[in-house]
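1. With the input below, show me the fold.
(one chain, ligands or ions: 1)
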Amino acid sequence: MKPSFYVTTPIYYVNDVPHIGHAYTTVAADVLARYKRLMGYDVYFLTGSDEHGQKVEKAATTAGETPLELADRVVKRYQALWERLGISNNDFIRTTQERHKKGVSQLFSLIMERGDIYLGEYEDWYCTPCETFWPETQLIEDRCPDCNRPVEKLKEESYFFRMSKYQEQLLAHIEANPDFIQPKSKRNEIISFVKEGLRDLSISRTTFSWGIPVPGNDKHIVYVWFDALTNYLTALGYPDSTAEYGRFWPANVHLIGKDILRFHTVYWPTFLMAAGLPLPEKVFAHGWWTVEGQKMSKSLQNVVEPNMLIDKYGVDVVRYFLMREVPFGLDGDFSHTALIQRLNSDLANDLGNLLSRSTAMAVKYFGGILPAATELTEIDHSLQEKTSAMIAAVDKFMDELAFSKALQAIWEVISAGNKYIDDCAPWVLAKDPAQKDRLATVMYCLLESQRIAHCILSAFLPATTAKALASLGWDGEISRESLAWGGLQEGTTITKAEALFPRYEA
Ligand code: ME8
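-> As a prediction, the model looks like this:
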């Protein structure tokens, strides 16, 4: 039986439309899901939308819609974008779905029955026009940080989660599982935060109504983060003991942005501990994208819209740029100049050019019929070994979610291919009939190395590699086995590849 692998993205708020930041996490999860599938895993890849809460309620009021009308409209934009980006999610969960609401009520009740949710009073600074509570530390000169109006101390009845009780257990878990929070810098940040002391957490609201009612007391709405985090369980069918739940929980990795690390590594694990459920294996927080050096924001009108990028450059260029430009875990900056540089140099010059040169030679010298390799010389062995070593390197990097390094490892083989052509000079061999066998071996090694590179690259650039593999005459299944040297068979039809990536001239 195949091993299982469960990867998730955050569920995105529907009060915003998708931008490059949302695309980033989702593409990363997709690359990982595709890679694991090709390596023989049974993958469950989940994404979705976070549709409850005050922010969505307010956005709907502003737009003159009901919250559900707003959600129905915006969720389509996410789903359409994921389709364009080639996202291969197995499921898309919306928190307004019955399956989700049922699971959230059940989890809330369960934790309450086990004694870790209690009714108490919440007291903090309240901004009436904004209907928002603020902790003292967030006030700006004693006023609301959003609207700058005066705030008042207010008490509200609230359900609390006994988070304080889990402080030591959580610390022990983080200590015992060094990979639970990644990258390491983020792990240290959370350890310090937990060590400062965990307070009980208010997990219900009475100041608005768009959400899931607290079981048995519908004056209260379940706190939006309790609601949202539970999606990772409800998508698998929780609370029912479905086959998916049994097979895929606990998740192998929650991919998130660093903005929501605390929710995923303090709140979520303690909720699960209180419910007696297993914790996810890993939470990986990636960095933040700025745009041309500035924070992305509606007011600066610099929000990078992924559809526009796809129209302008093509889907795989966007996927490649996001995964290659910035080491996963660090902050990065988006600029058209940097993207065009990657496109022209890595994709058009290196990858695309190698394939078109090689396939053109196969057509020219062998009528497009792949010859057999005869005896491999040192230079051929070296290309073969580089290709095989790349597979192992990529596997290690993918395990560390080092997407950029994985791509660099693949590009070493691409560069080696380009150098191999220059060193072997097939055009010289072609002039000498006595070198026919040598030329055949060179052609074989050159094309076989690229077949393997494109097979593994299919996790990153699925549309491009499908074209490349077609021109290499490879219609086999892309799997772990297909990464072994020797897959291309003598007699295979090779067709000259069109430029995979036209150069972009600004
Ligand atoms: O936080 N750079 O939803 P959200 C990189 N609904 N990634 C970015 C980004 C940027 N500039 N901006 C956004 C929520 N992201 C909750 C999540 S999960 C149970 C609930 C990405 O729509 C990144 O993945 O605000 C971040 O964590 C996520 O979008 C936040 O999306």
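
2. The protein against the ligand: which residues are in contact?
-> Counting by CB under 6 Å from any ligand atom, the residues of the chain close to the ligand are 10-13, 16, 21-22, 24-25, 50, 228-229, 231, 256-257, 259-260, 288-289, 296. C-beta here means a position set from N, CA and C on the backbone, and glycine is covered the same way.

3. Filter the residues you listed down to the buried ones, ChimeraX style.
-> Buried residues among the residues of the chain next to the ligand (16 or more other CB atoms under 10 Å), as a ChimeraX selection:
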select :10,11,12,13,16,21,22,24,25,50,228,229,231,256,257,260,288,289,296
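
4. show me what contacts the closest residue to D395 other than its chain neighbours?
-> Nearest residue to D395, sequence neighbours excluded (CB to CB, 6 or more residues apart in numbering): M39, at 7.5 Å. M39 makes contacts with D395, S479, R480, as judged by CB atoms under 8 Å, 6 or more residues apart in numbering.

5. Could you check how far the first one is from S4?
-> Okay, so that is D395. Distance of D395 to S4, computed by CB to CB, to the nearest Å: 18 Å.

6. Then the last one?
-> Applying CB to CB, the value for R480 to S4 is 16 Å.

7. same thing with the second one?
-> Distance, S479 to S4, by CB to CB: 17 Å.

8. which one of those two has more residues nearby?
-> Under the criterion of other CB atoms under 10 Å, the comparison of S479 against S4 puts S4 first, with 16 against 13.

9. So which of the residues of the chain next to the ligand belong to strands?
-> Residues of the residues of the chain next to the ligand located in strands (DSSP state E): P10, I11, Y12, Y13, D50, I256, G257, W289.

10. mind listing what the third one touches?
-> Put plainly, it is Y12. By CB under 8 Å, 6+ apart, the residues touching Y12 are P18, H22, T47, G48, S49, D50, Y78.

11. Can you mark which positions in the least confident helix or strand in the chain by mean pLDDT are buried?
-> Counting by mean pLDDT, DSSP states H and E, the chain has its least confident helix or strand at strand 132-134, which shows a mean of 82. Across strand 132-134, burial judged by 16+ other CB under 10 Å covers T132, F133, W134.

12. Just want to check the distance between the second one and P150.
-> What it means is F133. In this view, F133 and P150 are 14 Å apart by CB to CB.

13. just the first one next, same as before
-> Shown here: T132 relative to P150, a distance of 13 Å by CB to CB.

14. what residues are shared contacts of these two?
-> Residues touching both T132 and P150 (CB under 8 Å, 6+ apart): C144.

15. so how far is Q408 from M390?
-> Note on M390: its distance to Q408, by CB to CB, is 10 Å.

16. Which residue of those two possesses the greater neighbour count?
-> For the pair M390 and Q408, the greater number of neighbours falls to M390 (24 against 16), based on other CB under 10 Å.

17. you'd agree that one is up against E412?
-> Yes. Contact criterion CB atoms under 8 Å: M390 and E412 qualify, at 6.5 Å.

18. hang on, the earlier thing: of the contacts of M39, closest to the ligand?
-> Closest approach between the contacts of M39 and the ligand, by CB to the nearest ligand atom: D395, at 25.0 Å.

19. In a helix, that closest one, correct?
-> Yes. Under DSSP: H, G, I helix; E, B strand; the rest coil, D395 sits within a helix.

20. heads up, I number from 59, so please use that
-> OK, 59 is where the count begins now, so the last one is D453.

21. Give me the pLDDT value at it.
-> At D453, the pLDDT value in this model is 98.

22. How about the contacts made by G98?
-> K60, P61, S537, R538.

23. Give me the pLDDT value at the first one.
-> Same thing as K60. 96.

24. so how far is the ligand from it?
-> Look at K60 and the ligand: by CB to the nearest ligand atom, to the nearest Å, they are 27 Å apart.

25. Next, count neighbours for that residue.
-> Number of residues near K60 (other CB under 10 Å) recorded here: 11.

26. ok, now how distant is the closest residue to it other than its chain neighbours from E156?
-> Among residues not flanking K60 along the chain, D100 sits closest, at 4.1 Å (CB to CB, 6+ apart). According to CB to CB, D100 stands 26 Å off from E156.

27. show me the contacts for the residue in the chain that the ligand sits nearest to.
-> For the chain, the residue closest to the ligand is G79, as judged by CB to the nearest ligand atom, at 2.2 Å. By CB under 8 Å, 6+ apart, the residues touching G79 are G315, W346, W347, M354.

28. and the third one, bridged to which residues?
-> Going back to what we said before, that points to W347. Judged by DSSP bridges, the bridge partners of W347 are G390.

29. if I read this right, it contacts T83, doesn't it?
-> No. Between W347 and T83 there is no contact under CB under 8 Å: 10.4 Å.

30. related to what we said a few turns ago, would TSV of the contacts of Y70 with pLDDT be doable?
-> Below are those laid out as TSV (pLDDT from 0 to 100):
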residue	pLDDT
P76	94
H80	98
T105	98
G106	98
S107	98
D108	97
Y136	98
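
31. Could you give the number of residues near V324?
-> V324: 21 neighbours (other CB under 10 Å).

32. what's near enough to touch it?
-> Contacts for V324 were tallied using CB under 8 Å, 6+ apart; they are M221, L228, I248, F251, V252, L256.

33. Report the buried members of these.
-> Buried residues within the contacts of V324, counting neighbours by 16+ other CB under 10 Å: M221, L228, I248, V252, L256.

34. Among those residues, give me the pair with the biggest separation.
-> Farthest apart among these by CB to CB are M221 and I248. That separation is 13.7 Å.

35. Hmm, V361 and Q352 touching each other?
-> No. Using CB under 8 Å, Q352 makes no contact with V361, being 10.9 Å away.
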